[in-house]
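Participant: this is the structure alone, sequence omitted:
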Ligand code: BGC
């Protein structure tokens, strides 16, 4: 990809799944990567090793996107370690299943805090730095096909991802004049830890695969390639859009 060498990227949730794939890919493309994680550090260490083996540079930062101090510290880490930041990938996310009528308040608060409030204020901290330094930049949110498509049993997740869609559209307009581009990547069914229960439930998995025209789950690399493109110079005129990476799932509504 053109223009990624030497750029500084912050990737949240980069210790596993899609975030790990994105951090590794950006690192391999020559970007310097702030590898954010929560919980245990092993995954983030693996990400950093992969980046270094590819000749790149990574810096691990433990920061919980639901905590305002952590959020500021995460952006500061990029400027302290690498002198600036150019790219923010809001990837950290979670989902919790429950019938709507049984959904506990804590689950609503947690899912919204990780998936929407966190990206909101992390992006704010990132944009303030860019604005003050008069630098352009890229923001990519990892949303989901469920920013648009229903997901019964996951109303909290749908609320958060639908919110992320309008967050992106609003920011594209507000931040365009600052030279900051904002887009969403909407993965479908990707083989990652968030899908552990599904991957272990053969009948459910087969039913889902039957709905995917390409006939397979996606890989983290399928998503990472699109993110790398969107933050490269090849995507210099793209802002305000969602890029669906789902093997055709969203287009495959059929009456049973
Ligand atoms: C969810 C997965 C789901 C997939 C397709 C993703 O956003 O995290 O649990 O399988 O969408 O429905």
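Facilitator: Alright, I've got the coordinates. What you are looking at is a predicted structure, and each value in this text was computed from that prediction instead of being measured.
Participant: which one's the longest strand in the chain?
Facilitator: strand 180-187 (DSSP state E).
Participant: buried residues in it?
Facilitator: 180-187 (16 or more other C-beta atoms under 10 Å). For the C-beta atoms, the positions are set from N, CA and C on the backbone; glycine is no exception.
Participant: with stretch 209-218 instead?
Facilitator: Buried, per 16+ other C-beta under 10 Å, within stretch 209-218: 211-212, 217-218.
Participant: any part of it near the ligand?
Facilitator: No. Contact of stretch 209-218 with the ligand (C-beta under 6 Å from any ligand atom) is absent, the minimum separation being 8.6 Å.
Participant: give me the mean pLDDT for that stretch.
Facilitator: Summarised as a single mean, pLDDT over stretch 209-218 is 96.
Participant: ditto for stretch 173-185
Facilitator: 98.
Participant: can you check stretch 238-256 too?
Facilitator: 90.
Participant: got the residues of the stretch 1-150 of the chain near the ligand?
Facilitator: Residues of the stretch 1-150 of the chain lying near the ligand (C-beta under 6 Å from any ligand atom): 95, 144-146.
Participant: in the stretch 51-200 of the chain, what residue lies closest to the ligand?
Facilitator: Taking C-beta to the nearest ligand atom, the ligand has its nearest neighbour within the stretch 51-200 of the chain at residue 144, 3.2 Å off.
Participant: that residue and residue 157 touch, don't they?
Facilitator: Yes. Assessed by C-beta atoms under 8 Å, residue 144 is found in contact with residue 157 at 7.4 Å.
Participant: which one of these two has more residues nearby?
Facilitator: Taking other C-beta atoms under 10 Å, residue 144 and residue 157 do not tie; residue 144 has more neighbours (31 against 23).
Participant: show me what contacts the more buried one?
Facilitator: 93, 157, 161, 186-188 (C-beta atoms under 8 Å, 6 or more residues apart in numbering).
Participant: what is the nearest of the residues of the stretch 1-150 of the chain next to the ligand to residue 199?
Facilitator: Residue 199 has its nearest neighbour among those in residue 95, at 14.0 Å by C-beta to C-beta.
Participant: roughly how far apart are the closest one and residue 12?
Facilitator: 16 Å (C-beta to C-beta, to the nearest Å).
Participant: what do you get for residue 232?
Facilitator: 20 Å.
Participant: so in the protein, where's the weakest helix or strand by average pLDDT?
Facilitator: Within the chain, confidence by mean pLDDT, DSSP states H and E is lowest for helix 196-199 among all helices and strands, at a mean of 92.
Participant: for it, which helices and strands make contact with it?
Facilitator: Using 3 or more C-beta pairs under 8 Å, 6 or more residues apart in numbering; DSSP states H and E as the contact criterion, the elements in contact with helix 196-199 are helix 202-210.
Participant: counting neighbours, go ahead and name the busier of residue 232 and residue 12.
Facilitator: Using other C-beta under 10 Å as the criterion, residue 232 and residue 12 rank with residue 12 on top: 30 against 19.
Participant: quick one: contacts for the more buried one?
Facilitator: So residue 12 contacts 19, 36, 63, 65, 74, 89-92, 118-119, 122 (C-beta under 8 Å, 6+ apart).
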